[in-house]
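[1] Next come a sequence and a model predicted from it.
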Amino acid sequence: MAKKYGFTRSTKVRTHSVQEVMTNDNAEIRVDMRVATDAKIAHNKPDIIIVNKKRKEIIIIEVGITNLDLLSVVENEKLSKYDLLANELGLIHKCRTKIIPCVMTNFHKKYLKELDVQPHLEAYIQSVVLKKTLESISLDRRRRFDMEDVKEKDLDEAVNSLVDLSRRVFPTDVSLYDE
């Protein structure tokens, strides 16, 4: 997204560090920051806010991960959560506002298309999600978190399945950075 709004960044996704605020003549991008408003708003810290100065538009992006059964519930929850903030920002800045609930499932493609995310970046995002899932499972395992209900063998099989899936979906010989 930084490239889309004229910010020059490293082409290597893994070496790119996210700044809280990036601004230029075209846009301002804020990541995980509270938004000051005239009225007190409970939900005022979305994942990403893009202020498109040229088009006079504010885009609020809230990222989530869920299963397909809860997709519409999570989408609606994220839309309603930031509706008040979007309305307030529209009044303050006299511009259009848009909320994009980027909910990651098997059917997350429509959000990525709307955000103009390139396939190599999508692959990187998916690999990070898989790695974080594996880390979470591993951490839970080390802590023996709720292990009374889970057999050791079942957990090993689940972890191995995720590792195999990760290797099949993201082979190491494929560059995630080619454009």
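    That came in fine, so what should we check first? Just so you know, these numbers come straight off a predicted model, no measurement behind them. Residues are numbered from 1 along each chain as shown.

[2] can you map out the helices along the protein?
    71-81, 83-93, 109-114, 119-143, 152-169 (DSSP state H).

[3] got the angle for the first one vs helix 83-93?
    Translated: helix 71-81. 40 degrees (axes from the mean of the first three to the mean of the last three C-alpha atoms, to 10 degrees).

[4] For helix 71-81, buried residues please.
    For helix 71-81, the buried set under the neighbour-count rule, 16 or more other C-beta atoms under 10 Å, comprises Leu71, Val74, Glu75, Lys78, Lys81. To be clear about C-beta, it is placed using only N, CA and C from the backbone, and glycine gets the same treatment.

[5] for the fourth one, same thing?
    In terms of neighbour count (16+ other C-beta under 10 Å), helix 119-143 has its buried residues at His120, Leu121, Ala123, Tyr124, Ile125, Gln126, Leu130, Arg141.

[6] now for it, which elements pack on it?
    Judged by 3 or more C-beta pairs under 8 Å, 6 or more residues apart in numbering; DSSP states H and E, helix 119-143 is in contact with helix 152-169.

[7] Repeat that for the third one.
    For helix 109-114, the packing partners by 3+ C-beta pairs under 8 Å, 6+ apart come out as strand 96-104.
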